[in-house]
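1. make a model of this:
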Amino acid sequence: MRFKLKNASYTFVINSVLTIMIFGYLGVFNRYRMIPSYILCLFLFIIILMRNNFCLRFPRNNDLLLWGLLLVFIFISALIFNTRTGFEYIVLILNGCLWYLVAYDEHEYRMLFKGIKVISLIFAIFTIINYYNHEIVIDIFKFIIADSQIKTIYFDLNNGGIPGIAGESSYNAFCMTFGIFITFPQLISSDKKFKLYNLVYLIIVSVGISMTAKRSVLLLLFMLMVLMAALRIIWRPTTKKSIIIMMIALIVIFVVAPSVFYVVMQVVNKGTGTIQLSNREWFWNIAFEMFHKKPFFGNGINTYDFLYNARKKSSGYIAFAGAHNSYIQFLAELGIAGTIIYISAIIREIIKTTSALKKSINLNLDKNSDILMTAFMGILFCTLYAMSENTFYQPQQLMCFFVFAHIARTVKMERHVSV
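-> Residues are numbered from 1 along each chain as shown. Reported below is the predicted structural model:
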């Protein structure tokens, strides 16, 4: 009993800290941007030591090989080119590496996912309220919101996006997607009972995401849900009940298809009305200018914003702007050498997660397949969304990538036979 109680305590602590990491620095807490990262780093060290009887043990496989190599590369990059802010990114990658050393199992992930589902729903409800009352976030949290964040909130509202409690429409949409990643696999997994509230949950969160006016999020979610349902049917056709559930899910998806295709046409035509490209070409050109200057080793981690602030016309220094494409920013800051290491690590995680999911589905209704589906959707979303946003530069997004990637190494493949 004591051992279980201790494990439950560890799980509660690490889930709480990870939740702070994902949601704690957004919106009203924007002025405390890096504090959750430092807290998470400290707690991960403590949890690792406590679970290993105060001995730091490293995995015998090569899971950390590429990430460790990237950490060393970034450390040298920060030491040579950017001692001012380079250490911030070192902390982010270090947290990801530490997460691989935490002995997390599928039961603990389920507990974590329950909490994240609730928080994603709160974000969605707050977004819907914010749609009708634009001042609600400022009215409630004005005593801790920085002036720069208030400007961001009004900027999004004036351009048709709803920032909600996240304080910025892109992050708001991203945080709500967590609920989709967790709920949709539960809906189509053969081991889960069909529950009406899962459909209601998906509708509420989807409405919240649509109000952020982030067309790329809507498009990616639609594509991933169709892909996930299709793979589930192709890899392992199962019982009549599960097929009915998947068909209902597919019908719901295709009902919203016309609006999604309309969004695609807006993307192709560079947007109209309140949906615009947000000067992506201008952001990217700054990164390419940096890359042409130092193509092989880059200009140093976290140096993009220095040039951005030198080029922008408005007054005031922006602590983080980002190239709005993580891969182009890799080239600018880490050069060809660092980018190859980083992208190789990402591709390896995609292959590992896809392989684990396929194996799980093929194991005759594996009871943990829904967790791997969540990881599959999450890791693909992070990778694809990084083409238009700063996914691999934001603490909550980068850490979630590591969490999703770690699931493929954690979930046990247990057979069970349906009755």
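
2. state the pLDDT value of residue 264.
-> We note a pLDDT of 50 for residue 264 in this prediction.

3. next one: residue 280
-> 77.

4. go on, the one 4 residues further on?
-> We note a pLDDT of 89 for residue 284 in this prediction.

5. would you mind measuring from the residue lying closest to residue 407 once chain neighbours are set aside to residue 83?
-> Closest residue to residue 407 apart from its sequence neighbours, by Cβ to Cβ, 6 or more residues apart in numbering: residue 375 at 3.9 Å. Bear in mind the C-beta positions are built from the backbone N, C-alpha and C, glycine included. Relative to residue 83, residue 375 is positioned 36 Å away (Cβ to Cβ, to the nearest Å).

6. where does the stretch 251-400 of the chain dip in pLDDT?
-> By pLDDT under 70, the low-scoring segments of the stretch 251-400 of the chain are 251-279, 313-317, 319, 363-367.

7. out of residue 375 and residue 83, which sits in the more crowded spot?
-> residue 375 (27 against 10; other Cβ atoms under 10 Å).

8. so which helix or strand takes in the residue nearest to the spatial centre of the chain?
-> For the chain, the residue nearest the mean C-alpha position is residue 397 (3.6 Å; Cα atoms, centre = their mean). If you go by DSSP states H and E, residue 397 is part of helix 395-410.

9. show me what that helix is packed up against.
-> helix 2-23, helix 35-51, helix 86-101, helix 106-132, helix 169-188, helix 326-362, helix 369-385 (3 or more Cβ pairs under 8 Å, 6 or more residues apart in numbering; DSSP states H and E).

10. now with 7 Å, please.
-> helix 2-23, helix 86-101, helix 326-362, helix 369-385 (3 or more Cβ pairs under 7 Å, 6 or more residues apart in numbering; DSSP states H and E).

11. need the contact list for the closest residue to the residue nearest to the centre of the chain other than its chain neighbours.
-> Nearest-residue entry for residue 397: residue 391, 4.6 Å, with adjacent residues in sequence omitted and distances by Cβ to Cβ, 6+ apart. Neighbour list for residue 391: 326, 382, 385, 397 [criterion: Cβ atoms under 7 Å, 6 or more residues apart in numbering].

12. now do residue 338 against residue 327, distance only.
-> 11 Å.

13. and the helices and strands packed on helix 395-410: which comes nearest residue 229?
-> helix 369-385 (9.9 Å; Cβ to Cβ).

14. contacts for that closest one?
-> Contacts for helix 369-385 (Cβ under 7 Å, 6+ apart): 106, 109, 113, 177, 181-182, 185-186, 189, 191-192, 216, 220, 224, 228, 346, 349-350, 353-354, 356-357, 360-361, 391, 397, 400-401, 404-405, 407-408, 411.

15. same thing with stretch 69-84?
-> In contact with stretch 69-84 (Cβ under 7 Å, 6+ apart) are residues 86-87, 89-90, 93-94, 97, 298-303, 334, 338, 341-342, 345.

16. can you select the buried ones among those for me in PyMOL?
-> Only the buried entries of those go into this PyMOL selection, using 16 or more other Cβ atoms under 10 Å:
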select buried, resi 86+87+89+90+93+94+97+298+299+300+301+302+303+334+338+341+342+345
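
17. ok, residue 89 to residue 176 distance?
-> Taking Cβ to Cβ, one finds residue 89 at 26 Å from residue 176.

18. please apply the same query to residue 196.
-> Residue 196 is 20 Å from residue 176, by Cβ to Cβ.

19. more neighbours: the two, which one.
-> Applying other Cβ under 10 Å to residue 196 and residue 176 shows that residue 176 carries more neighbours, namely 30 against 7.

20. the more buried one and residue 211 touch, don't they?
-> No - between residue 176 and residue 211 there is no contact under Cβ atoms under 7 Å: 9.8 Å.

21. ok, which stretches of the stretch 201-350 of the chain are helices?
-> Along the stretch 201-350 of the chain, the stretches classed as helices by DSSP state H, counting those that start in this stretch are 215-235, 240-255, 257-268, 280-293, 304-311, 326-362.

22. in the last one, what's buried?
-> The one in question is helix 326-362. Counting neighbours by 16+ other Cβ under 10 Å, the buried set in helix 326-362 is 326-335, 338-339, 341-342, 345-346, 348-350, 352-354, 356-358, 360-361.

23. tally of neighbours for residue 211?
-> 22.

24. do the same with residue 158
-> 10.

25. against residue 152, how distant is it?
-> Taken as Cβ to Cβ, the span from residue 158 to residue 152 is 11 Å.
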